[in-house]
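In: predicted model and sequence follow; I will ask about them next.
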Amino acid sequence: MDKELQELIKKLLTEKKAEWAIGYEKAYDEFSTRPAFIIDPADTARLIFNKYCINNLGLYLTKLKKNKLAVVCKGCDIATVFELIREKQFKRENVAIIGVACEGVLDKRTNKLLEKCENCQVKQPKGADFTLGNAKNSEKPKSYADVVEFEKKSSKEKLEFWNRQFEKCIRCYACRNVCPVCYCPDCFALRSMPEYLSKHVDADKNKLFHMIRMQHVFGRCTDCKACDTACPVNIPLSMLTKKLAKDAKELFNYESGADTDARPPLSTYDEGDSESDIM
Amino acid sequence: MARIGVFVCHCGTNIAGVVDVTRVAKYAETLPGVRISVDYKYMCSDPGQNTIIDAVKKYNLDRIVVAACSPRMHEGTFRKTIERAGLNPYLMEMANIREHVSWVHSDDKELATQKAMKVMEMAVAKVRRSEALSKMFASIEKRALVIGGGIAGIQAALDIAGAGYKVVLVEKEPSIGGRMAQLDKTFPTLDCSACILTPKMVAVSQDPNITLMTYAEVVEVCGYVGQFDVKIKQKAKSVNSKCIGCGVCVTKCPNRKSLSEFNEKLAPRKAIYTPFPQAVPNVPVIDRETCTFFKTGKCKICEKVCPTGAIEYTQQDEIIKEKFGAVVVATGFNIYDHSNYGEYGYGEIKDVISSLQFERLINSSGPTDGHVVRPSDHKEVKNVVFIQCVGSRDESKHRPYCSRVCCMYTAKQAMLLKDHYPETQSYVFYIDIRSAGKNYEEFVQKAQNDYGVVYLRGRVSKIYERGDKLIVKGADTLSGAQVEVEADMVVLANGLEPKANAKELAQLFHMSYDQYGFYNELHPKLAPVETAISGVFVAGCCISPKDIPDTVAQASATAAKVCALFSKEKLEVEPLIANVNQLTCSGCETCYNVCPYSAIEMEDKEVRRGDMRHVAKVLESVCKGCGACVGSCYCKAVDLKGFSDRQVMNQIETATTELSTND
Amino acid sequence: MSNEKKKDINVVGFLCNWCSYAGADMTGLGRNIYPSNIKIIRIPCTGRMDPMMIIEAFHNGADGVLVSGCHPGDCHYSEGNFYWRRRYPHLKSLMEHFGIDKRRFHASWVSASEGKKFAEVVKKVVADVKDWQENG
């Protein structure tokens, strides 16, 4: 597939259909890949795709202020690109999505398939402009079993669980920095007037940061797990992002990144919305 | 550092009777930035306001907190006060220690005082982050919309038009006149209702400043005071402007299947009809629900007989868009439906009639030409029982309020009956007689003394038919006896309730209404015809039941309010609106999507040199300051003046901390 | 005394200006007594209710939070409470996931004439928070 990928991108760059192409290249060892930004068609030989291509390259679309981009996307990453188009960060016609069939990616720390890759519905990418390779989608739907299990805990247990987790947090903001939808020009966490979040690092403040970040990405987060895999202290952020996906689906029958014209659940309403819990 | 002054009001004993105001004032002095804190008996009084002005000058204050009543009551007052002291009016915050503290926590004075201290501290925290805001002005469309063509709407329209402003009067029915047109005579003078109403109706139709739209309804409202964009649906009348009102079509129409709404269903009406002979405009409409042509495609008799070719079957409902500066809502009332009363026969006994039906029966232009006969067999009546408080003062029917006019109109009806038929005898079952009003009590006394109407204090427990008579069983609580009256007819004094679609209309304007659907005034005493929506005024029975004099007085009051509004060149509007910090805006268009007023515009702009971005912008003259954009912005790029994040955060922080001293 | 005060339940109430704040004024006019634990913050509309503010309130130590607005259809600004009606279940669910008990976070519709209802709502919120504090 690498050859095919290289040829395609070479063609796009040569024909000026893209100014920049974003793909993967080999990093410092055989288990590592990193994003590659290609301008020169001659450089395309660096591009690869394998089971270590864990990054969601959608992240860079908002960082590169270029008119015409080509981006290599796993099926799941396309949702991110769609989400960013929905939020008017760029126009659909200005990004060439190169979908690559994917049998799942490995977390290099554990050498295990990422949890999200089990029951993956988009091993074969949907909605791409070019699709390379073939893969068979899972027949089983996405499982929320771990979230459901967690929800059964008492609020005290949940509180204690998260307090332990956020004690570990060092507020490196890696989760935010790798998040494709955390593209705000000026993050609330760094503001001083008003100071939404104290710059002091302790479990309590860390939790506030994560609570607000999770709220901010509700209905926008595609549960891509970039934050979860980026966290250097292994806070199970997936338990939160998955909850967001589950709530969006259950409360508002909404799936982020499915439709570039959709209204996210909090930017719209229905006169018949449920209000069973409102006094 | 801010220089804040805190002024604590006693409000007589309203606050000071529960809250230790001295302690509140003392506590204020311990707060950072507070230079002076005083308490005073009535802060809103002239000397009270002067205390503030003097303190501003003496202590060089730049921000003020008034701990007193609700800001909904006196925010405007104190803003003006500090403006007089030379400060920006928006550098004042009120701490509501009356409605939200002393009046609701009178059970524990210590806790109430502590809460008052906290509430005051929250206001100090908020005002610290208040910003000076400059006044904004908007233009005024000097045209008024009056909704409802009853006596209230007619009076309001005439008064506004009389002052030289344009008015559009919208009425749902084919004619104006409303409930008053249905009445025979009016209490306590017994002058004929039509004689005093119809000249006003004619005046409306002849006034060059009034555009009359009958058979029309308001369907959509956008905008705000000075600039309401209203869509009015003109229902197809099927009769065009060529009509001269000769009435031949009505006479010749063979279709008598419907019952006359105007005659309270006591008589049939034609499919093409005017509600009553004195209708204004005197142009009939075709009821398409019953018209033979519209149902079967055959007939067209009206078209054939019309001498001017005014019948137009192809007319369509039309949506008309108009701009108005102010609105008077005068939609009136319905009478309570007595079929909810099992003891009065569920509305199924034909000779148990409503008060309005009685008005039509005794009216000389009514369906019986003024003969009071029984609907069942058209026999004249001898004994008539009147029952008061039907759907009034009755908790079991969820109508605990008094409808105010029923005692009076029952006395009137009993007297009119005696005048028409001296041999009749009337009985009135009542709970209490409420006859507060000029010459009202005398009127009721006259009914009892001069007209021999028998008043029985008590409720009726059952009405049933025996032969061709009605047996009315009830209690006379004054004598303690059970009474049974054999009557020919029973007239119920149905209470007043809002129109069935009153709530829908309120929602178009975002007016608030009570549990029955009566519209809420801005203030029950001091702003009785204003609503919480500026530029929207209310008059008559859509607010609460009332008689004709009160209704007319309110209608004229709304006209005065409208004229006062229109007399200004420009309208001062609250500058409490949203603003976007374009440097932090990501251009996601969330705010643009949620704004109910389309007050957000997206633009491509160089926010910093070399930083071209797609960003949001607030259209200041359109924004109403609801803050939906602020609540949905992820980037925290939008904020709301007067309720900014910094202000609210300060309030939250203060609300969640303990009082800062060991007071 | 300060020790005693610490135990006091602290509820932050965000009330929309047009309905619920006016409704709470009406509670006062009707002299309906309710617990003094609630501290009221006036906002123009529940649509302005930034979820961050609620998270901040809990973070700052509020035991309970109440957001109250106009009944659906009655919003002064037409739509604000409809947006809030969507933010609320999402936020409540997310807060619960973080361990903030559902008894601590409430929403209500209180109109300008429902003074008695507001008193009942506050009583219920305070009782719920108390139940959470005492029974876990």
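Out: Arrived safely, thanks for sending.
In: list the contacts of the residue of chain C found nearest chain B.
Out: Residue of chain C nearest chain B, by CB to the nearest CB: C:R48 (2.7 Å). Where C-beta positions appear, they are placed from N, C-alpha and C, glycine not excepted. Residues near C:R48 by CB atoms under 8 Å, 6 or more residues apart in numbering or on different chains: B:626-628, B:630-631, B:640, B:643, C:80.
In: could these go into a markdown table alongside neighbour count and pLDDT?
Out: Formatted as a markdown table, these follow (neighbours: other CB atoms under 10 Å in any protein chain shown; pLDDT from 0 to 100):
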| residue | neighbour count | pLDDT |
| --- | --- | --- |
| B:C626 | 32 | 92 |
| B:G627 | 29 | 93 |
| B:A628 | 36 | 93 |
| B:V630 | 30 | 95 |
| B:G631 | 26 | 93 |
| B:L640 | 26 | 95 |
| B:F643 | 22 | 95 |
| C:G80 | 28 | 91 |
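In: give me the subset of those lying in helices.
Out: B:628, B:630-631, C:80 (DSSP state H).
In: in JSON lines, list those along with distance to chain A.
Out: What follows is the ones in helices among the contacts of C:R48, written out as JSON lines (distance: CB to the nearest CB, whole Å):
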{"residue": "B:A628", "distance to chain A": "10"}
{"residue": "B:V630", "distance to chain A": "13"}
{"residue": "B:G631", "distance to chain A": "9"}
{"residue": "C:G80", "distance to chain A": "10"}
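In: which of those residues sits closest to B:N240?
Out: C:G80 (43.7 Å; CB to CB).
In: quick check: beta-bridge partners of the residue nearest the centre of chain B?
Out: By CA atoms, centre = their mean, chain B has its centre lying nearest to B:Y519, at 3.3 Å. Beta-bridge partners recorded for B:Y519 (DSSP bridges): B:Y513.
In: how much space separates it from chain C?
Out: If you measure B:Y519 against chain C using CB to the nearest CB, to the nearest Å, the figure is 10 Å.
In: now that residue: how far from B:C563?
Out: Taking CB to CB, to the nearest Å as the measure, B:Y519 falls 21 Å from B:C563.
In: what about residue 61, neighbour count?
Out: Answering for chain A, as no chain was given. 21 (other CB atoms under 10 Å in any protein chain shown).
In: actually, chain C is the one I wanted.
Out: Applying other CB under 10 Å, I find that C:G61 has 14 neighbouring residues.
In: contacting residues for the residue nearest to it when sequence neighbours are not counted?
Out: In space, and not counting its chain neighbours, C:G61 is closest to B:T656: 4.7 Å by CB to CB, 6 or more residues apart in numbering or on different chains. By CB under 8 Å, 6+ apart, the residues touching B:T656 are C:10, C:12, C:57, C:60-62.
In: B:A68 too?
Out: By CB under 8 Å, 6+ apart, the neighbours of B:A68 are B:7-9, B:11, B:15, B:43-44, B:74, B:78, B:94-98.
In: tell me what it is bridged to.
Out: With DSSP bridges as the rule, B:A68 is bridged to B:N96.
In: tell me where the chain has strands.
Out: With no chain named, the answer covers chain A. A:20-26, A:33-38, A:47-48, A:69-74, A:95-100, A:106-107, A:112-113, A:130-132 (DSSP state E).
In: chain C is the one I meant
Out: So, for chain C - with DSSP E - the strands run C:11-16, C:38-43, C:64-69, C:105-109.
In: could you give the angle of the last one to strand C:11-16?
Out: Just to be clear, that refers to strand C:105-109. 30 degrees (axes from the mean of the first three to the mean of the last three CA atoms, to 10 degrees).
In: need the residues that contact strand C:105-109.
Out: Under CB under 8 Å, 6+ apart, the answer for strand C:105-109 is A:275, A:277-279, C:19-20, C:54, C:58, C:64-72, C:81, C:84, C:88, C:91-92, C:95, C:117, C:121, C:124-125, C:128.
In: nearest to chain C: which residue in the stretch 551-663 of chain B?
Out: Taking CB to the nearest CB, the stretch 551-663 of chain B has B:G627 as its residue nearest chain C, at 2.7 Å.
In: ok, now which ones touch that residue?
Out: So B:G627 contacts B:578, B:640, B:643, C:43-45, C:47-48, C:80 (CB under 8 Å, 6+ apart).
In: 10 Å - rerun?
Out: Contacts for B:G627 (CB atoms under 10 Å, 6 or more residues apart in numbering or on different chains) come out as B:576-578, B:638-640, B:642-644, C:16, C:43-50, C:77, C:80.
In: same deal with A:F130?
Out: Listed by CB under 10 Å, 6+ apart, the contact partners of A:F130 are A:4-5, A:8-9, A:11-12, A:70, A:72, A:96-100.
In: need those in a markdown table with neighbour count, can you?
Out: Shown next, in a markdown table, are those (neighbours: other CB atoms under 10 Å in any protein chain shown):
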| residue | neighbour count |
| --- | --- |
| A:E4 | 14 |
| A:L5 | 22 |
| A:L8 | 19 |
| A:I9 | 26 |
| A:K11 | 15 |
| A:L12 | 23 |
| A:A70 | 23 |
| A:V72 | 28 |
| A:A96 | 19 |
| A:I97 | 22 |
| A:I98 | 26 |
| A:G99 | 24 |
| A:V100 | 26 |
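In: also within reach of chain C: list those from the residues you listed.
Out: With CB under 10 Å from any CB of the partner chain as the criterion, those include none near chain C.
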